[in-house]
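# Only the shape, not the letters, is given here:
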């Protein structure tokens, strides 16, 4: 697995298990939200993680595991990602580095700028 700085905005996409992993530091940079929403910006091919503190419809509750990560499992989300980003068809693990959106509690992750990780045993 590719190691990255604990102080960078990042998430991992695991297409084999339909899982997105977001590290605690990444969410701390948008104010430690209690919930998140995912969005997609088609022009920039970016996945947006928007933090919120309200239990709104379709909000995903943030719950960290001991490793300090937050996991989201969603086959429908991945099916949508695969439609617009065909390079995610193969099972694999990908690291994405994000950029903070200053005007709102959100981080943008380009689905084009991926770092493919070597296959590893299940953690």
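Yes, it's here. Source: prediction; values computed, not measured.

# where does the closest residue in space to residue 69 that isn't next to it in sequence fall, helix, sheet strand or coil?
Nearest in space to residue 69, with sequence neighbours left out and distances taken as Cβ to Cβ, 6 or more residues apart in numbering, is residue 21 at 4.9 Å. Using the backbone N, CA and C atoms, a C-beta is placed for each residue, glycine as well. Classification of residue 21 by DSSP: H, G, I helix; E, B strand; the rest coil places it in strand.

# show me what contacts residue 21?
11-12, 14, 69-71 (Cβ atoms under 8 Å, 6 or more residues apart in numbering).

# How about residue 115?
Residues in contact with residue 115 (Cβ under 8 Å, 6+ apart) are 2, 94-97.

# can you map out the strands along this protein?
In the chain, the strands defined using DSSP state E lie at 10-14, 19-23, 35-41, 46-52, 60-61, 69-73, 93-101, 106-117.

# picking up where we left off before, selection in PyMOL covering whichever of the contacts of residue 115 are buried, please.
Selection of buried members from the contacts of residue 115 for PyMOL, criterion 16 or more other Cβ atoms under 10 Å:
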select buried, resi 94+95+96+97
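
# picking up where we left off before, which stretch in the strands of the chain has the least confidence?
Least confident of the strands of the chain, judged by mean pLDDT, is strand 106-117 with a mean of 89.

# Grab the nearest non-local neighbour of residue 89.
residue 82 (5.9 Å).
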